[in-house]
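**Q** fold the following for me, if possible:
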Amino acid sequence: MDDQRYARGLERLGQIDGDAGRKVLDSLAGFAPDLARYVIEFPFGDVYSRPGLGLREREIATVAALAALGNAAPQLAVHVHGALNVGVRPAEIVEVVIQMAVYAGFPAALRAAAVVREVFQERGVEPCAGA
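**A** Residues are numbered from 1 along each chain as shown. This is a model prediction of the structure:
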């Protein structure tokens, strides 16, 4: 096991997702602890820790990808929270969802919009705040 990768991943996860990321890990701890470790080491310990893009840009890309998939609502919600946590403005998140209508279709964009709306409501965020 690579403890440096894991420690780096935990730090990155904390910067992006805070308690929400920890809840995902805790939900896997007794059921699939290896999967929880992989989630920390590869995406956060390796990819999110690479130079070249900041956390803000990485979260924009992640929100776009999850919105385009159209079948990852729980993960999209976590990453919309993460995007807000690292400085992505609510209006930018809405624009990402609109952009996905072009490439992933309206059904995926509408599903993503519903998830984004729920996160914004949970956090008391206005969709056009910081536009």
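**Q** center of the chain, which residue is that?
**A** Central residue of the chain (C-alpha atoms, centre = their mean): H79, 1.7 Å from the mean position.
**Q** could I get the average pLDDT for stretch 88-97?
**A** Model confidence over stretch 88-97, given as mean pLDDT, is 97.
**Q** the residue nearest to the centre of the chain contacts I60, doesn't it?
**A** No: at 9.6 Å, H79 does not count as touching I60 under the criterion of C-beta atoms under 8 Å. Glycine gets a C-beta too; all of them are placed from N, C-alpha and C.
**Q** distance of the residue nearest to the centre of the chain from D3?
**A** Remark: distance between H79 and D3 (C-beta to C-beta, to the nearest Å) = 26 Å.
**Q** same deal with D26?
**A** D26 is 20 Å from D3, by C-beta to C-beta.
**Q** looking at these two now, which is surrounded by more residues?
**A** D26 (11 against 8; other C-beta atoms under 10 Å).
**Q** for the helix or strand that contains the more buried one, packing partners?
**A** Assigned by DSSP states H and E, D26 belongs to helix 19-29. On a contact count with 3 or more C-beta pairs under 8 Å, 6 or more residues apart in numbering; DSSP states H and E, helix 19-29 meets helix 3-17, helix 33-39, helix 73-85.
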